[in-house]
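Peer 1: fold the stuff below for me.
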Amino acid sequence: MKKVIIFLICFSFCIFPAIAEPLYNPYKTKYDNNNKVFANYQVTKINGKYGIYDATEEKDVITPQYDSLKMLKEDGAIVSKNGKYGFIDYDNNVKIPFNYDYLYYLYDGRLGAVKDKKYGIIDYSAKSIVPLQYDYLYKVNSKYLGVIKNEKCSLVNYEGKEVLPFKYNHINKLTNNIDYILQARVGTKYGLLDNTPQEVVPVKYDKIRRLDSALYELKLGEKYGFAYLPTKTIVEPKYDRIYRFSDRAVKVRKFDKFGLLNNQGEVIVDTNYVSIQKVNDFLIGVRRYDKWAIVDFSGKPVTEPIYKSLSDILKEGWRADDFAEKEQEVEEEKQKSENNIIK
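Peer 2: The predicted structure is shown next:
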């Protein structure tokens, strides 16, 4: 029994110190808060002042002395002091004097600068890229910046050249994952710009919604149409609803009946059917009354309405494998259309 007790005591001394000893935290310092930004540098704060701390070397890079600090990775940091903003390197050398009411990062070593309520662009050496002349300036995409003057919006490229007249109220990306199509607004009406930038959809619609990279739903009042950008096709809103049917076709609804248009707005199937379903990449099942028929994507009938259900069509062997020789042709057509969008 004594041997067991001695063993347990020894075992405890071996194990518990390892458990009780806290793991080393390279980001634990004397500061009020520590936020890792990149590599081993982190923004630190003490007594309301900000600096930079090297967690590997366990020393200050810049002692806390600024009212705000935003690191721009290896380039340096935007800092403020006494209500004015400047830019420093990591040796605390002032690269942009504290002459600005606000500074913010835009792109590739360029900062948005604000002074006396006017916006412009400067680089890290304080060189002017765009004069401080706008009421507001913001990044739109990888090619353009939005600028506002007298409540009207335009675009400037990254060299600072204005590329549009000041006639819009706002310009922005329609969706975050599509960089090359922009939405423009005048009042409560919307249109689309491409990346040249030119209007590809006039500014007159109540709402625009992306269906895919090439197709955009247009709403005016309670009616819907679409824009197919590769061919600059616009089908004016006259339908109760539209849906992306396939890469080559758009399903439309009027009241309780459906039809089918190709991307160029030409009718494949008129709006007289209670149901339209895709059989494969080359054939379409359509039902007007109680029987299904098959048509191809040009609207040409393939069968009479003889099938009770769509599953009967599939059971009979209308498979994509039977049309494999057309697959390359369809894919080439799709690629050609997508390449027509200016990116």
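Peer 1: quick one: low-confidence parts of this structure?
Peer 2: Within the chain, the set of residues satisfying pLDDT under 70 comprises 1-38, 317-343.
Peer 1: can you give the domain ranges for it?
Peer 2: 28-104, 245-324+333-343 (automatic domain parsing).
Peer 1: same list (those) but as a markdown table, adding mean neighbour count and distance to residue 131.
Peer 2: Any C-beta I mention is one placed from the backbone N, CA and C, and that applies to glycine too. What follows is the domains of the chain, written out as a markdown table (neighbours: other C-beta atoms under 10 Å; distance: least, C-beta to C-beta, whole Å):
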| stretch | mean neighbour count | distance to residue 131 |
| --- | --- | --- |
| domain 28-104 | 16 | 14 |
| domain 245-324+333-343 | 16 | 29 |
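Peer 1: ok, which of those domains comes nearest residue 175?
Peer 2: The closest of the domains of the chain to residue 175 is domain 245-324+333-343. By C-beta to C-beta, the value is 14.1 Å.
Peer 1: JSON lines for the domains of the chain, including distance to residue 209?
Peer 2: Listed next are the domains of the chain as JSON lines, based on distance: least, C-beta to C-beta, whole Å:
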{"stretch": "domain 28-104", "distance to residue 209": "30"}
{"stretch": "domain 245-324+333-343", "distance to residue 209": "13"}
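Peer 1: quick one: closest of the ones you listed to residue 171.
Peer 2: Checking the domains of the chain against residue 171 by C-beta to C-beta gives domain 245-324+333-343 as the closest, at 16.3 Å.
Peer 1: from the chain's centroid, how far away is that closest one?
Peer 2: Relative to its parent chain, domain 245-324+333-343 has a centroid offset of 31 Å by C-alpha atoms, centre = their mean, to the nearest Å.
Peer 1: please apply the same query to stretch 150-163.
Peer 2: So, by C-alpha atoms, centre = their mean, the centroid of stretch 150-163 is 21 Å from its chain's centroid.
Peer 1: residue 313: which element?
Peer 2: According to DSSP states H and E, residue 313 maps onto helix 310-315.
Peer 1: who does that helix touch, helix- and strand-wise?
Peer 2: strand 292-296 (3 or more C-beta pairs under 8 Å, 6 or more residues apart in numbering; DSSP states H and E).
Peer 1: sorry, back to before: residues in contact with the helix holding residue 313: which ones?
Peer 2: Helix 310-315 is contacted from outside by 277, 279, 285, 292, 294, 307, using C-beta atoms under 8 Å, 6 or more residues apart in numbering.
Peer 1: mind doing that once more with 6 Å?
Peer 2: 277, 279, 285, 307 (C-beta atoms under 6 Å, 6 or more residues apart in numbering).
Peer 1: separation between the closest residue to residue 284 other than its chain neighbours and residue 286?
Peer 2: The shortest distance from residue 284 to any non-neighbouring residue, by C-beta to C-beta, 6 or more residues apart in numbering, is to residue 295 (5.2 Å). To residue 286, residue 295 is 6 Å away according to C-beta to C-beta, to the nearest Å.
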